[in-house]
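>>> for reference, the sequence and a predicted model appear below.
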Amino acid sequence: MKRLTLAQQALAEESLRFVQPEIATFILRNPDLRVTALRCDLKSIAMVAVCAAAKTYDPERSRPTTYFGSAIRHALYRAVLAQRRLDERYVSVGAIRDAMPQRVRSRQEMRATKAVALLSAYDRTLLEDRLIEKITLEQLGAEQNLDPRTIARRVSEAIEKLRDAESNLP
């Protein structure tokens, strides 16, 4: 990523004053996103947005309050909606345990269900995406802003955790 020039750094530092009011306005105007917004680091997201906007700001085209406020709002919306999509993809432990309560399960199915329930939500989602939904490593990497090799390593680690969890069951 290209570094900011000294003038852009000064502009970004000056524009940090817009961060807190924009976050407060964002939360007030979007009550349906409030719970999800609390799980995001809104201040960091807004600061990164200010730095990115400082690179492209043209004082002849708009005022700083308009330009930087808009950049912050858009970054907050993108981050909160991405968090919401990620939250919706997680499967709760209760849903895993009681997915089919009326059906009689075999001992092996019960052990597998218990082992999956012991994994973290991230690991469960990652395994579901990769193994069940057949999402490619490149797609998962792009979605999480990670290198596909990192995703491959995390999938392997999650599989190992699943094997360990299953072997440690009574």
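Received the coordinates, thanks. Keep in mind it's a predicted model, so treat the numbers as computed, not measured.
>>> going by C-alpha atoms from here, please, whenever you check contacts or count neighbours.
OK.
>>> list the buried residues for the helix or strand where Glu138 lies?
For Glu138, the enclosing helix or strand under DSSP states H and E is helix 137-144. For helix 137-144, the neighbour count (16 or more other CA atoms under 10 Å) marks 137-138, 140-141 as buried.
>>> go on, stretch 111-130?
Buried, per 16+ other CA under 10 Å, within stretch 111-130: 111-119, 121, 123-130.
>>> tell me which helix or strand comes right after the lowest-mean-pLDDT helix or strand in the chain.
Lowest on mean pLDDT, DSSP states H and E among the helices and strands of the chain sits helix 93-97, with a mean of 55. Next along the chain after helix 93-97, taking DSSP H and E as the criterion, comes helix 107-117.
>>> chain center to that following helix, what's the gap?
28 Å (CA atoms, centre = their mean, to the nearest Å).
>>> how far off centre is the helix or strand containing Ser156?
Assigning secondary structure by DSSP H and E places Ser156 in helix 148-167. Counting by CA atoms, centre = their mean, helix 148-167 is centred 19 Å from the centre of its parent chain.
>>> report how many residues lie close to Arg29.
11 (other CA atoms under 10 Å).
>>> next one: it from Leu131, what distance?
Separation of Arg29 from Leu131 (CA to CA, to the nearest Å): 39 Å.
>>> do Arg153 as well
14 Å.
>>> over to Ala165?
For Ala165 relative to Leu131 (CA to CA), the value is 18 Å.
>>> more crowded one of those two?
Ala165 (18 against 12).
>>> nearest spatial neighbour of the more buried one, skipping sequence neighbours?
Spatial nearest neighbour of Ala165, excluding adjacent residues (CA to CA, 6 or more residues apart in numbering): Ala115 at 5.1 Å.
>>> which ones are touching that neighbour?
Residues in contact with Ala115 (CA atoms under 8 Å, 6 or more residues apart in numbering) are 162-163, 165-166, 169.
>>> tell me the pLDDT of it.
Listed pLDDT for Ala115 reads 85.
>>> so it versus Pro21, what's the distance?
Distance from Ala115 to Pro21, by CA to CA: 46 Å.
>>> repeat for Lys55
22 Å.
>>> same question, Leu76
Following CA to CA, the distance that separates Leu76 from Pro21 is 13 Å.
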